[in-house]
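> model this:
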Amino acid sequence: MSRQSKRPSPDNRPSEPGLSDAELPYEQATSPESKPVWVKLGPGGRIVIPATMRKALGLGEGAYLQVRVHGEELHAVPQEIALRRVQDFVAERASDDEGSWVDALLEERRREVEREERGE
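Modelled structure (predicted):
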C-alpha cells in the first residue's frame, strides 16, 4: 500500500487529509505576494504556480520565466519583467554625454573593416 505524504501548511502543520489542492485555504491567498504557498514537485521537475499568482503576474499558458538559484532559493521571474530590468539597467548607465552606443559600435566596425582592407 502506498502512503501519501502530507505536505506542510504555512504554519508547518500537516494539511488536513481529504482536502484537494483547490480546497486548501492557503492557496486562496487574495494577495499572492503576501503569503507563500507550498507546491509539490511533479514528474520531470514540474511545478504548478497557483492560479492567484499567475493572475497577479499576468501569466498564461506558454509564458516564459527566467529561473535561477539564488542561495538556497529558486527564483522565477516572468520574461517581460526580466527584460524590463535589463532595459532599465542599460538606460541608467547610458548617458547623453557618451553618445549613442549604436553609433560607437558602428564606428568601431567601420575601423575594423578599413584595417582588414588594408591588410592589417
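> Could you give the number of residues near residue 53?
Residues near residue 53, counting by other CB atoms under 10 Å, number 17. C-betas here are computed from N, CA, C, even on glycine.
> Going by neighbour count, which residues in the helix or strand harbouring it are buried?
Taking DSSP states H and E as the criterion, residue 53 maps to helix 51-57. If you call a residue buried by 16 or more other CB atoms under 10 Å, then helix 51-57 has these buried ones: 52, 53, 54, 57.
> tell me the pLDDT at residue 97?
For residue 97, the model assigns a pLDDT of 59.
> cool, residue 78 as well?
Among the per-residue scores, residue 78 shows a pLDDT of 94.
> what's across from it in the sheet?
residue 65 (DSSP bridges).
> Measure how buried it is and give me the count.
Using other CB under 10 Å, residue 78 has 16 neighbouring residues.
> ok, it - contacts?
Residues in contact with residue 78 (CB atoms under 8 Å, 6 or more residues apart in numbering) are 57, 58, 59, 63, 64, 65, 66.
> so which two of these are the farthest from each other?
Spatial extent of the contacts of residue 78 (CB to CB) is set by the pair 58 and 66 at 15.2 Å.
> Who has more neighbours out of those two?
Neighbour comparison, residue 58 and residue 66: the larger count goes to residue 66, with 13 against 10 (by other CB under 10 Å).
> Please give me every residue in contact with the more buried one.
76, 77, 78, 79, 82.
> Just the closest of these to residue 44, please.
So of the contacts of residue 66, ranked by how close each gets to residue 44 (CB to CB), first place is residue 76, at 16.3 Å.
> so what's that closest one closest to, chain neighbours aside?
Leaving aside its chain neighbours, residue 76 sits nearest to residue 65 (4.5 Å; criterion: CB to CB, 6 or more residues apart in numbering).
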